[in-house]
Structures are given as structure tokens and as C-alpha cells.
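Novice: what follows is a predicted protein model with its sequence.
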Amino acid sequence: MRMLVAAALLAATPAIASADVTIRFIANEGVYITDGETAVLIDALTWNSYDGTYALPSDEARAAMIAGDAPYENVVALLFTHIHGDHSDPAGAVEFLNAQGNGVVAASTQITDAISNGEGAASRINSVALSAEEPGPWQLPAHDFIEGAWVFHREGVDNITWHVNLAGVSILHLGDTQPQMADFSVWDDTEFDVILYPYWFAQMPEGVAFLDSRPDARAIAFHIPAAATPLTIQAGLGEREYLFGEGSEVVIESE
Ligand SMILES: [Zn+2]
């Protein structure tokens, strides 16, 4: 364990890190994205595994994300895609707001309504009031490198897909988008270097068509069930790239 922590600290030292962007996987669809100076968390604090179907962050990772400790430093924004408990934790968001005085939270109104006001933090809670009629994109006021757009997941559940542009690397997080119902045109004017997608895209013609329509983007699957093994993942995804297992990392070279 001590060796692992040392390795993580080493990897984060400025002497080694250039402006490359690192995506560190936490659990399910939870990611920490950083260029070494600025970082965001998306769907990273969660509470409901749905009876063990989906992995949750370890206790250590959860505490470090809330406190802003290594390896989860420099987080300026805690973003959530939708209200399901394998993607968002309103109580965790309150803890984050109280622990990190400069951090902001942004999520659909369905989530922010459940984030009771941590002392003095109301101004740092951004309710994203997007809908099928007004899908965005919408820019986060405090941080113009972050924008969200509403894309269909399930009737009655607002799903905000997040676009983060750090060090010239453009990343899209699709949350639980359902490709056969989704209107992807909200992102027609945006180029992506990386697309993080729920694994079912790879198993549905509409999902594959969307990924194929973005041939320049590096497509990476996640939301893989906790019980998956290398064999079941390969059966489901073939040779496609994926994130699975807390602490897995992908490094994207910036131009
Ligand atoms: Zn989900």
C-alpha cells in the first residue's frame, strides 16, 4: 500500500508531469481529470452500488476527494451527470463544499435540490437547468473550460453530459446517455479528443454509429459492472479501450 501511494505522488510531481492531461479512474463512471494544475471530478462521489452491481470509491479515495488530498488535488469543480446513486452523492457534495472553500459543484437541479446548503456554500452550487427543450451547451460561470449539455438517459431523469477542455485536450463525459434516444446534435460544433462512454454504446448500433462519427476521438468505455473480469470485458468490448479498477489512468498528450 505504501509503495502504491509513493508511486502516485511521484507521478504527480511537476518535474515529471508536462501539460499532458491525466484521466484517473475511480469507480463506475467516476473520473478525476487534471493537467497537473487544475482538476475536475465527474461522477466521482457516489453512494449506491445497487446491491454491488457497480463499484463505489474506496473509503480512502472518498476521503481524499472530499479533502482535496493527493492524488485528488487541485479540484475546482465537482460535476455530476445525473441523480442515480451510482453517479452522484448529494451528501458527499456538501462535505466537499465545506472542506474545499474554492470548489464549486454543478449538477442538474434534481441533484442540487438535494444538496442542503453547506455553510456559506450556496453561491458555489450551480444548478444546471437544462432540458430536452433547452439542451445547451451551457457554460459553467466560474470556469469557462467546462460546459454541460442535456442528452437523454431515461424519462424523468436529467442527464448532463460534460465537456472539459484542459491544456487543449477536449474531453466529453456522456454519463448514462442512451444512444438510441439521444440527440447528439448539441455537441455538433465541438471537437473531442476523448469520449468517455458507457459500455453499452459498443453493443448498440446507435452507440457505435456515434463513436464512428467521431473517428478522431479516443473512445474509452466505462460503467463496467463490478463483477466483470478480463474475459467478460473482452466478450463485451472486444479490443475497445476501457477504464475499470480504481486508480487506472489514461494519459492524453496535449499538442
Ligand atoms: Zn449509471
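Specialist: Received it, and whenever you're ready, just let me know what you need.
Novice: helices of the stretch 51-200 of the chain, start to end?
Specialist: In order along the chain, the stretch 51-200 of the chain carries the following helices (DSSP state H, counting those that start in this stretch): 59-67, 90-99, 109-112.
Novice: could you dump the ones you listed into CSV with mean neighbour count, mean pLDDT and distance to the ion added?
Specialist: Backbone N, C-alpha and C define where each C-beta goes, glycine included. Putting the helices of the stretch 51-200 of the chain into CSV (neighbours: other CB atoms under 10 Å; pLDDT from 0 to 100; distance: least, CB to the ion, whole Å) gives the following:
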stretch, mean neighbour count, mean pLDDT, distance to the ion
helix 59-67, 17, 98, 18
helix 90-99, 19, 95, 16
helix 109-112, 19, 94, 14
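Novice: how about these, which one is nearest Asp176?
Specialist: The closest of those to Asp176 is helix 109-112. By CB to CB, the value is 13.3 Å.
Novice: what's the closest one packed up against?
Specialist: Applying 3 or more CB pairs under 8 Å, 6 or more residues apart in numbering; DSSP states H and E, we find helix 109-112 packed against strand 125-128.
Novice: sheet partners, orientation included, of the strand it packs on?
Specialist: Counting by DSSP bridges, the strands paired with strand 125-128 are strand 104-108 (parallel).
Novice: please compute how far stretch 24-41 lies from its chain's middle.
Specialist: Centroid separation between stretch 24-41 and its chain, computed with CA atoms, centre = their mean, to the nearest Å, is 7 Å.
Novice: tell me the helix or strand right after the helix-or-strand element of the chain with minimal mean pLDDT.
Specialist: Sorting the helices and strands of the chain by mean pLDDT, DSSP states H and E puts helix 2-12 at the bottom, at a mean of 45. Remark: after helix 2-12, the chain's next helix or strand is strand 21-25, criterion DSSP states H and E.
Novice: please name the nearest non-neighbouring residue to the residue of the stretch 101-250 of the chain found nearest the ion.
Specialist: Residue of the stretch 101-250 of the chain nearest the ion, by CB to the ion: Asp176 (4.4 Å). The spatially closest residue to Asp176, leaving aside those adjacent along the chain, is His153, at 4.4 Å (CB to CB, 6 or more residues apart in numbering).
Novice: give me the nearest residue to Ala114, chain neighbours excluded.
Specialist: Pro90 (3.9 Å).
Novice: you'd agree the one you found is up against Ile111?
Specialist: Yes. Contact criterion CB atoms under 8 Å: Pro90 and Ile111 qualify, at 6.1 Å.
Novice: figure out how far stretch 197-214 is from the centre of its chain.
Specialist: Distance, centroid of stretch 197-214 to centroid of chain: 18 Å (CA atoms, centre = their mean).
Novice: now do stretch 51-66
Specialist: Centroid separation for stretch 51-66 versus its chain: 14 Å, with CA atoms, centre = their mean.
Novice: and the residue nearest to Asp35 when sequence neighbours are not counted, how many residues sit next to it?
Specialist: Of all residues not flanking Asp35 in the chain, Ala167 sits nearest, at 3.9 Å (CB to CB, 6+ apart). Ala167: 18 surrounding residues under other CB atoms under 10 Å.
Novice: which residues does Ala167 contact?
Specialist: 19-21, 35, 254 (CB atoms under 8 Å, 6 or more residues apart in numbering).
Novice: what pairs with the most centrally placed residue in the chain across the strands?
Specialist: Per CA atoms, centre = their mean, the C-alpha nearest to the average position across the chain is that of Ile42, at 2.9 Å. Per DSSP bridges, the residues bridged to Ile42 are Val31, Leu79.
Novice: ok, it to Asn102 distance?
Specialist: In this view, Ile42 and Asn102 are 18 Å apart by CB to CB, to the nearest Å.
Novice: returning to what we had before: my read is that the residue nearest to the centre of the chain contacts Asn28, right?
Specialist: No. Counting by CB under 8 Å, Ile42 does not reach Asn28; the two are 11.0 Å apart.
Novice: kind regards, and thank you for your time.
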